[in-house]
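Peer 1: Here you go, sequence then predicted model.
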Amino acid sequence: MPHRRLALTAVALALPLVLTACADSSTPDAAPTTATTATTPAPSATPTSRFPGEVGTVVPAEDVDAARADGLLVYVPPQADGSGVVFRNDAPLPDAITSTWVSLTSPDFAPGTPIQQWTSADMPIAFRLQAVEESGMAAVGVVPAVVPNPATYVVDELAYAVRVFTGGGRAADDAAATEAGVFQVTFGTPEEARATAAGLAAERGVPVMDLV
């Protein structure tokens, strides 16, 4: 059964303030003009993406942003050369993506470990979760988590959590997780977390990213 809630932080996004200048209301008298025939410019050719959209296509690091701007979904594996892999949320994921989803449970997650030491060990997991979120991928993740001891600031117990990715950003992900009953919830065993993730993934028709 799920238990205990994790304390999570949220990032506030600052909205830019755009100022517009007022135009001068006074205009000089218009000079006489001669009649001219208006011409309609020829329509420009419809732009086409220079990036192939086939699932599994490798996109060089310098082209990832441009490919995403063209509407392609590109997953960039962390701690690699920065190149990405094209995927679609309505198609099976290529091995080039799923092969990077491996167990990342560290001995530093054990009870009694200082939280600072656990944070360092947790970075590979955080990088992979961030890569999924930035790519726009829809998936369900299973990750190791810890319950800290507020008095001693060490790991009190090792737990497991389920993350929901909708492809629509953090707010949409959190809303979906809340609806599913897994937002900031931990599970006592990996089996419980995996069973919950498998059920959610089946309902949503998305893959499971198991990092436990």
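Peer 2: It's in.
Peer 1: show me the contacts for the residue nearest the centre of the chain.
Peer 2: Here the mean C-alpha position of the chain is nearest to the C-alpha of residue 133 (CA atoms, centre = their mean), at a distance of 0.5 Å. Residues in contact with residue 133 (CB atoms under 8 Å, 6 or more residues apart in numbering) are 165, 169-170, 173. All C-beta spots, glycine's among them, are computed from the backbone N, C-alpha and C.
Peer 1: Is it possible to mark the buried ones in these?
Peer 2: 165, 173 (16 or more other CB atoms under 10 Å).
Peer 1: chain center to whichever strand or helix holds the residue nearest to the centre of the chain: distance?
Peer 2: Element membership of residue 133 [criterion: DSSP states H and E] is helix 115-135. Relative to its chain's centre, helix 115-135 lies at 12 Å (CA atoms, centre = their mean, to the nearest Å).
Peer 1: buried ones in it?
Peer 2: Using 16+ other CB under 10 Å as the burial criterion, the residues of helix 115-135 that qualify are 118, 121-122, 125, 128-129, 131-133, 135.
Peer 1: any low-confidence regions in the chain?
Peer 2: For the chain, residues meeting the criterion pLDDT under 70 lie at 1-49.
Peer 1: Would you mind giving the domain segments of it?
Peer 2: Following automatic domain parsing, one finds the domains of the chain at 54-100, 101-212.
Peer 1: distance between the last one and the chain's centre?
Peer 2: When C-alpha coordinates are averaged (CA atoms, centre = their mean), domain 101-212 and its chain have centres 13 Å apart.
Peer 1: hmm, back to that, dump the contacts of residue 133 to JSON lines, plus secondary structure and distance to residue 148.
Peer 2: Output for the contacts of residue 133, formatted as JSON lines (DSSP: H, G, I helix; E, B strand; the rest coil; distance: CB to CB, whole Å):
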{"residue": "165", "secondary structure": "strand", "distance to residue 148": "25"}
{"residue": "169", "secondary structure": "coil", "distance to residue 148": "27"}
{"residue": "170", "secondary structure": "helix", "distance to residue 148": "22"}
{"residue": "173", "secondary structure": "helix", "distance to residue 148": "23"}
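Peer 1: Among the contacts of residue 133, find me the one that's closest to residue 70.
Peer 2: Closest approach to residue 70 among the contacts of residue 133 (CB to CB): residue 169, at 19.3 Å.
Peer 1: quick one, what contacts the closest one?
Peer 2: Residue 169 makes contacts with residue 133, as judged by CB under 8 Å, 6+ apart.
Peer 1: quick one on the thing from earlier: which of the buried residues of helix 115-135 sits closest to residue 75?
Peer 2: residue 135 (4.2 Å).
Peer 1: before we move on, back to that, so can I have CSV of the buried residues of helix 115-135 showing distance to residue 112?
Peer 2: Shown next, in CSV, are those (distance: CB to CB, whole Å):
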residue, distance to residue 112
118, 10
121, 14
122, 16
125, 20
128, 26
129, 25
131, 30
132, 31
133, 31
135, 36
